[in-house]
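Q: structure for this input, please:
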Amino acid sequence: MRVQALGVAPLVAVRDVACSVEFYRRLGFEPVVEWSSYAKLVNGRGILHLAAPGDAPPDRPDVALAAPDETASAVVAAIVVQVADCREACAELVAAGVELLGEPVEPEWGGEVRAFLRDPDGHLIEINEALG
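A: Model prediction:
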């Protein structure tokens, strides 16, 4: 048997849901659900869930949500946002006050242009454009 996924929608722990919603609005996401401890955001076909850190609920015992250390130099995952034009998207983000970790570049292996930034909680975000 093989699981037939209809999509993938990451859930990330954030310290302040309202602050994170405002940050992700600058990346083109809009909330479809927004509570003080949870938000569901959409951007095109992309879905992102934001949740406040907390104890493990009964349906996932022993697994609590914790926001990352925003100053850590290592991360365990990244959120990749696919765009049509990475350089244009990054210029718009910078104009909106978002700080990039570096300029958009085409890596030595080619096939894409990408740039990185961090959200208010330190989650690594890649803005990615696939090349022809």
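
Q: can you give me the distance of the residue nearest in space to the middle of the chain to residue 116?
A: Centroid-nearest residue in the chain: residue 79, 4.1 Å away (criterion: CA atoms, centre = their mean). Here the criterion is CB to CB, to the nearest Å. By it, residue 79 lies 10 Å from residue 116. Quick note: C-beta positions are derived from backbone N, CA and C, even for glycine.

Q: where do the contact lists of those two overlap?
A: Common neighbours of residue 79 and residue 116 (criterion: CB atoms under 8 Å, 6 or more residues apart in numbering): 124, 125, 126.

Q: skip the chain neighbours and tell me the closest residue to the last one.
A: Excluding the flanking residues, the one nearest residue 126 by CB to CB, 6 or more residues apart in numbering is residue 80, at 4.6 Å.

Q: so what's the one you found up against?
A: Here residue 80 is in contact with 125, 126, 128 (CB under 8 Å, 6+ apart).

Q: quick one: it is in a strand?
A: Yes. If the criterion is DSSP: H, G, I helix; E, B strand; the rest coil, then residue 80 is within a strand.
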